[in-house]
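**Q** sharing a sequence plus its predicted fold:
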Amino acid sequence: MAVVNLTEARINSLPLGSGIWRDEQVKGLLVICHASTRTYAVQGDVRRNGRHVRTVRVKIDRCDRIGLREARRRARELMSQIQSGVDPTAKPRMSAMTVAEAFETHLGERELRPTTVTGYRDHMDRYLRKLRNRAVADLTRQDMRDLFDEIRTKHGQTSAGAAMRTLRAVINTAMRIDETITSNPIVAVRIPVPKPRQVSEINYADWWQRSELLMPIRRDLHRTMMLTGARKSTLLALERRDVDLEKRVLRFRHMKVGGEVLYPMGEFLTEMLRARMESDVPLNSPWLWPSPNSESGRTVEAAECSSKGLPSPHQYRHLNRTLAIAAGVPYAESALLLGHRLPGATGGYVHREHLVEHLRPYAQSIETLVLARARPTDDPANEEEREPSDAKAA
């Protein structure tokens, strides 16, 4: 590749088919002599943070269409882009994708629940804000270590781990789109694994008495959480239309795994919710757990858990799963009652909406065990429940 001081006359005299000639005056400007034409082009190295990304060559135009002065002007513009780390040959989305762009792409590729999206955006706005306009390809391992230490110092290890897991997923998405990103720099951070939740065994009789002291709607909410093991967000989003008292089914429409789940109610839960709905008729609310003083018109928290010595909503899930084993519920049925997906390829072939009546005896066995442990033996309701079985035995 010869280097010459290009002039209009010299360009016209360059032999066709002689290859590439580089301009002395403008860095990167080339004249390429093909078999039948001469063209202007520019060539340079794309570098980011001192790292060589690629060498690119961009055609400007044929020499017989534009003059040397115009070719040099365009060459300077293109070299300015190349030296700033932008690849002119790449599509806009493929070059220097920012963290903010990768984040929006990540959200757009998935069907996420609104609460999940809110959590991700909170991580981006609160912990990752300084990275929003940075190119993902420019992020280094040291950047990630410094960021993790900063978040952990200011907000704690749990928040730091959650934010870094979000960023790791966003960068993985960017890697699939921007081919200049060859690895995820978060590999340099040992993200702490969340500690397993410790749930102590409870005195069910004491729990029953404590829930009895609550306002009726809160009492019934806590007992429903214990009997179903459903997530708080799933239960609190229930509407009256989601309760089918005739078929004894709850329709859970806000599931973490997506879709709807039909939950078969036991006898006690059915009658408790029947009484609950009858007493709430004067409120004329569409919600199963109405709260006239709430902006949304419904209960949004089980705020009395810690102050009243009651389990948290997620502790109720742990207790329900443990009770299922004690009640003899098989693994698959227990998982389906909790709204989990069954593992493996065959799990995708299981349609829980076809298994409502199959699951009902297992839901009833969990309920029976809870009531047997929770209610005193002299509770009149216990005697009423035993009468049908005693009569059958007779």
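**A** Everything's here; your move.

**Q** going forward, measure contacts and count neighbours with C-alpha atoms only.
**A** Will do.

**Q** distance from stretch 143-154 to the middle of the chain?
**A** Its chain's average C-alpha position is 22 Å from that of stretch 143-154, according to Cα atoms, centre = their mean, to the nearest Å.

**Q** go on, stretch 60-80?
**A** Distance, centroid of stretch 60-80 to centroid of chain: 48 Å (Cα atoms, centre = their mean).

**Q** can you check stretch 159-166 too?
**A** On Cα atoms, centre = their mean, the centre of stretch 159-166 falls 12 Å from the chain's centre.

**Q** just the element for the most centrally placed residue in the chain, please.
**A** The centroid of the chain falls nearest to residue 116 when counting by Cα atoms, centre = their mean (5.1 Å). Using DSSP states H and E, the element containing residue 116 is helix 114-126.

**Q** what helices or strands is that helix leaning on?
**A** helix 157-177 (3 or more Cα pairs under 8 Å, 6 or more residues apart in numbering; DSSP states H and E).

**Q** who's in contact with the helix it packs on?
**A** Residues external to helix 157-177 that are found in contact with it (Cα atoms under 8 Å, 6 or more residues apart in numbering): 93-94, 97, 99, 102-103, 105-106, 120, 123-124, 127-128, 136, 148-149, 151-152, 181-184, 186, 191-194.

**Q** cool, and stretch 115-124?
**A** Contact partners of stretch 115-124, identified using Cα under 8 Å, 6+ apart, comprise 107, 132, 162, 163, 166.

**Q** 7 Å instead, please
**A** Stretch 115-124 is touched from outside by 163, 166, with contacts defined as Cα atoms under 7 Å, 6 or more residues apart in numbering.

**Q** name the residues of the helix holding residue 116 that are buried.
**A** Neighbour-count burial for helix 114-126 flags 120, 121, 123, 124 (criterion: 16 or more other Cα atoms under 10 Å).

**Q** which two in these are spaced the farthest apart?
**A** 120 and 124 (6.4 Å; Cα to Cα).

**Q** quick check: bridge partners of residue 19?
**A** Here residue 19 sits in beta bridges with residue 33, going by DSSP bridges.

**Q** doesn't residue 36 make contact with it?
**A** No - Residue 19 is beyond contact range of residue 36, at 11.5 Å (criterion: Cα atoms under 7 Å).

**Q** neighbour count for these two, which is higher?
**A** residue 19 (15 against 8; other Cα atoms under 10 Å).

**Q** from residue 345, how far out is the residue nearest to the centre of the chain?
**A** Residue 116 sits 25 Å away from residue 345, going by Cα to Cα, to the nearest Å.

**Q** the contacts of helix 157-177 in helices, which ones?
**A** 99, 102, 103, 105, 106, 120, 123, 124, 148, 149, 151, 152 (DSSP state H).
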